[in-house]
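J.: generate a structure from the sequence data that follows.
(2 chains)
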2 protein chains.
Amino acid sequence: MRAEILSCGTELLLGHITDTNATYLAQSLAPLGIDLFFVSQVGDNQGRIVETLRRAWERSDLIIMTGGLGPTEDDLARESISALLGETMQVDPELEANLRAMFARMGLKMPERNVKQATLIPSAQALPNPIGTAPGWWVEKDGRIIVAMPGVPREMYRMWQEQAIPRLQPFLGGIIFTRILRVNGLGESTVEERLDSLLHSTNPTIATYAKEDAIDVRITAKAATSEEAERLVAQMEGSARQILGNHVFGTNKDTLASVVGALLLARKQTLGVMESLTGGLLASTITDVSDSSNYFVGGLVAYSTELKTQMGVPREILKQYGAVSKETAIAMAHAVRERLGTDFGLGITGVVGPDTQEGKPVGTVYIAVAGPEGMVASSGPGWRANRSDNKRLSVFAALNLLRRLLEGSIKPE
Amino acid sequence: MRAEILSCGTELLLGHITDTNATYLAQSLAPLGIDLFFVSQVGDNQGRIVETLRRAWERSDLIIMTGGLGPTEDDLARESISALLGETMQVDPELEANLRAMFARMGLKMPERNVKQATLIPSAQALPNPIGTAPGWWVEKDGRIIVAMPGVPREMYRMWQEQAIPRLQPFLGGIIFTRILRVNGLGESTVEERLDSLLHSTNPTIATYAKEDAIDVRITAKAATSEEAERLVAQMEGSARQILGNHVFGTNKDTLASVVGALLLARKQTLGVMESLTGGLLASTITDVSDSSNYFVGGLVAYSTELKTQMGVPREILKQYGAVSKETAIAMAHAVRERLGTDFGLGITGVVGPDTQEGKPVGTVYIAVAGPEGMVASSGPGWRANRSDNKRLSVFAALNLLRRLLEGSIKPE
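T.: A predicted model of the protein is given here:
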């Protein structure tokens, strides 16, 4: 199957945003066994969208469009598909009712222009969008498929996974099964080097991808039955896990925060954190997990040294070792554990940048976890990244330390 | 001048890398007054590169290629341009001598296949690459220009700035100036509806874009001089600001957090926050601003009701009104202001989802700011969104309330 991606949006051509949607889709197509030969970005201009669509229609079996499904005059994906196929858009009563109901739930009156988001053409089915106003379109005609999805990444990802891929299955010549192993604590090239002996396998395939919060190792098999595909993946997964050991923290949609949360829930234990360089991002990452209120009591963002003292970090430790020190991280962990009465207390301090602090370089980070059986601590050498990356990397280092303590792969002192 | 970008590399089509080169070039083209109408990514396949080049040659004045200039068989940019124009590549003795000298300086013998990096065609001049082995090509023929540059971003950036832009200057017909107005508190379609009378202007142009943290209104003018372009933008900006009022919180790279930070810095005042539903994201967003330690003392992520009490929220208020209430938000604001000794205290509580709480729907949010001159409070009707969006939207609502108080557009009670 030959695929082509068409991303619509003048903001792409002005460089206001980067087409990460195309990257996401490209990563998803390869393991499905779909060949991607062309990617195009076109502005919000119907003539140019139709021109590009027509060429894609001539040379590809599957055209994946993103963007251009909004309610404004600039949103021209539906109009362009209709023009290409010579079909007329009509408001679908059910889609319109859904859309009006969605606005009503928000306590808003639907602006009349939004009604175009409830249109279809005869060759199109709607792809539901549970987190946005724009349904997608699934178009099948003359042996060709067009999938049109919103440009907002989180809406597109979900529609692609939940709506488009299942509809593509019958065209793929076999059942595809994929599992992702999520890896923390190793860089992408190290993961690739260690997996070298497996990388040349053709079924299953195995490939690495650097994500914001982990390195993903994606294993994909194709077989006549889903049992066989799963068996092939399980076999490869065993080999990969043997090589990567406890750097693998989860699979598929697991995050470090969800894994830590599940471990705490299973033990019926609680957590509190005191953070400085991460400025609240640690607590925020923990509370991204939907049942986190069952184990996360709270966090103290002790940005000033004075507030650290007020929250129970001994003044002598801050004075003797500085706010950026292993000793302070340990004192923060103990202080928050005691003050919040939790089973585990996590303390994290460091230098987020752009300026050095106490003579320590940007990216220095000290992390400590105090628990019922004792304490573990770790430190980072300095990430040398920008401010927001330093925050993010420090949060993942902290969660990974806690995970390894909870899993028993490191022992408390 | 009509431009088109063609990025070559199979790694783009496998999703191993994202085409940030196209974003960089797009950002550079707009202010040069060059219209970018198409961007394409094609794999390392000569047939498909030539096919895409030929179409670009037919419809564009300027074709900017990146990638495909390496020494391997997969690097096909030169071969494809030669095929398009029907010209033969020949080794240029001076380029070859430079290349051999570059390898010699590194203490290496040049692999013979690298000699293709020293080739030219009659219509091409070499663009020097001081930090890599691949010179670029500047091709002028039949009123068309092709600029071929390496795919390695830092080599490409430098070649574009130092070699390509100066060669393009004689072809540019005017100066472009752009300003973005950043808007909070209105949806994209509402912003567009209100600006309806301005949207059809052709110089300056005005357009809206939904971003994660704001609606952007972009105003762009083209004129003979930068003074004139700026004057045209300023005029349109005045009209837009009159319509949008204090929903405009900043321009260009401003964020709500940076605007609030600048206001606090100017007043030499400090801030502390107590948050529940946002789970640390409010503090984290505030501390994304690099000099935030000058005004942000810290935050309390009081996820449990018990912790709210411990941090100074009166037990009677929690009991009488519930943890999710205006009264609790106000008590949180007062408590954090007092406990942290800051000029301003911000309290935020609500229902983040997925479950309702105290019988209040998901997305309910109460926000209060206590300051030296009194208190303001606001509440949200319930965002329709998922957990992480509810957190994000609540954070922006909180920062916007604080901004409006600091700017004086709402008065404290």
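
J.: show me the contacts for the residue of the stretch 301-413 of chain A at minimum distance from chain B.
T.: Residue of the stretch 301-413 of chain A nearest chain B, by C-beta to the nearest C-beta: A:V301 (3.7 Å). All C-beta atoms are positioned from the backbone trio N, CA, C, and that covers glycine. Taking C-beta atoms under 8 Å, 6 or more residues apart in numbering or on different chains as the criterion, A:V301 is in contact with A:275-276, A:279-280, A:283, B:280, B:283, B:287, B:298-301.

J.: helices - which of the residues you listed land there?
T.: Per DSSP state H, helices hold the following members of these: A:283, B:283.

J.: please flag which of the contacts of A:V301 sit within strands.
T.: A:275, B:298-301 (DSSP state E).

J.: which one is A:T20 nearest to, not counting chain neighbours?
T.: Distances taken as C-beta to C-beta, 6 or more residues apart in numbering or on different chains place B:T18 nearest to A:T20, at 5.6 Å, with adjacent residues excluded.

J.: okay, now that neighbour: neighbour count?
T.: Neighbourhood size, B:T18 [other C-beta atoms under 10 Å in any protein chain shown]: 18.

J.: also the one 3 residues further on?
T.: When counting by other C-beta under 10 Å, one arrives at 27 neighbours for B:N21.

J.: so it: helix, strand or coil?
T.: At B:N21, secondary structure determined by DSSP: H, G, I helix; E, B strand; the rest coil is helix.

J.: give me the phi and psi for the closest residue to it other than its chain neighbours.
T.: Spatial nearest neighbour of B:N21, chain neighbours left out: B:T66 (4.6 Å); criterion: C-beta to C-beta, 6+ apart. Dihedral pair for B:T66: phi -130, psi 150, per degrees, to the nearest 10.

J.: right, and A:T119 touches A:M89 too?
T.: Yes - between A:T119 and A:M89 a contact is recorded at 4.3 Å, counting by C-beta atoms under 8 Å.

J.: what's the overlap in contacts for the two?
T.: What both A:T119 and A:M89 touch, as defined by C-beta under 8 Å, 6+ apart, is the set A:R78.

J.: is stretch A:129-137 positioned near chain B?
T.: Yes - Stretch A:129-137 reaches chain B (C-beta under 8 Å from any C-beta of the partner chain) through A:I131.

J.: who touches that stretch?
T.: Contacting residues not belonging to stretch A:129-137 are listed as A:69-71, A:77-78, A:81, A:95, A:99, A:102-103, A:114, A:117-118, A:120-121, A:124-128, A:146-150, A:152, A:154-155, A:158-159, A:163-164, B:385-386, B:389 [C-beta under 8 Å, 6+ apart].

J.: among those residues, name the ones in helices.
T.: Reading helices off the contacts of stretch A:129-137 with DSSP H, I get A:77-78, A:81, A:95, A:99, A:102-103, A:154-155, A:158-159, B:389.

J.: buried members of those into ChimeraX, please.
T.: Of the ones in helices among the contacts of stretch A:129-137, the buried ones go into a single ChimeraX selection, burial set by 16 or more other C-beta atoms under 10 Å in any protein chain shown:
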select /A:77,78,81,95,99,102,155,158,159 /B:389
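
J.: of all pairs in the ones in helices among the contacts of stretch A:129-137, which one is the farthest apart?
T.: A:I81 and B:D389 (28.4 Å; C-beta to C-beta).

J.: got a pLDDT number for the residue of chain A positioned farthest from its centre?
T.: Most distant residue from the mean C-alpha position of chain A: A:E316, 41.7 Å away (C-alpha atoms, centre = their mean). Predicted confidence (pLDDT) for A:E316: 97.

J.: how about the helix or strand harbouring it: buried residues?
T.: Per DSSP states H and E: A:E316 is located in helix A:315-321. Judged by neighbour count using 16+ other C-beta under 10 Å, the buried positions of helix A:315-321 are A:317-318, A:321.

J.: repeat that for stretch A:53-64.
T.: Buried residues in stretch A:53-64, counting neighbours by 16+ other C-beta under 10 Å, are found at A:53, A:55-57, A:60-64.

J.: nearest to B:Q310, of those residues?
T.: A:I64 (52.1 Å).

J.: I figured that closest one hits A:I5, correct?
T.: Yes - using C-beta under 8 Å, A:I64 is in contact with A:I5, at 5.0 Å.

J.: now do the shared contacts for these two.
T.: Joint contacts of A:I64 and A:I5 (C-beta under 8 Å, 6+ apart) are A:L25.

J.: identify, from the buried residues of helix A:315-321, the entry nearest to A:T305.
T.: Nearest member of those to A:T305, counting by C-beta to C-beta, is A:L318, at 5.9 Å.

J.: I'd say A:H16 and B:Y209 touch.
T.: Yes - A:H16 lies in contact with B:Y209 (C-beta under 8 Å); the separation is 6.6 Å.

J.: shared neighbours, those two?
T.: In contact with both A:H16 and B:Y209: B:216, B:218, using C-beta under 8 Å, 6+ apart.

J.: quick one: the residue farthest from the centre of chain A from B:N400, how far?
T.: 42 Å (C-beta to C-beta, to the nearest Å).

J.: repeat that for A:L198.
T.: 51 Å.

J.: up against chain B, what does the stretch 51-200 of chain A have?
T.: A:52, A:55, A:70-74, A:102, A:105-107, A:111, A:113-114, A:131, A:152.

J.: show me where the stretch 201-350 of chain A has its strands.
T.: A:205-211, A:214-223, A:248-251, A:271-275, A:296-301, A:344-350 (DSSP state E, counting those that start in this stretch).

J.: quickly compare these and say which is most buried.
T.: Most buried of the strands of the stretch 201-350 of chain A by mean neighbour count (mean count of other C-beta atoms under 10 Å in any protein chain shown) is strand A:271-275; its value is a mean of 32.

J.: residues making contact with it?
T.: Counting by C-beta under 8 Å, 6+ apart, A:260, A:264, A:281-283, A:286, A:295-302, A:308, A:311, A:313, A:332-333, A:335-337, A:339-340, A:342-349, A:398, A:402 sit against strand A:271-275.
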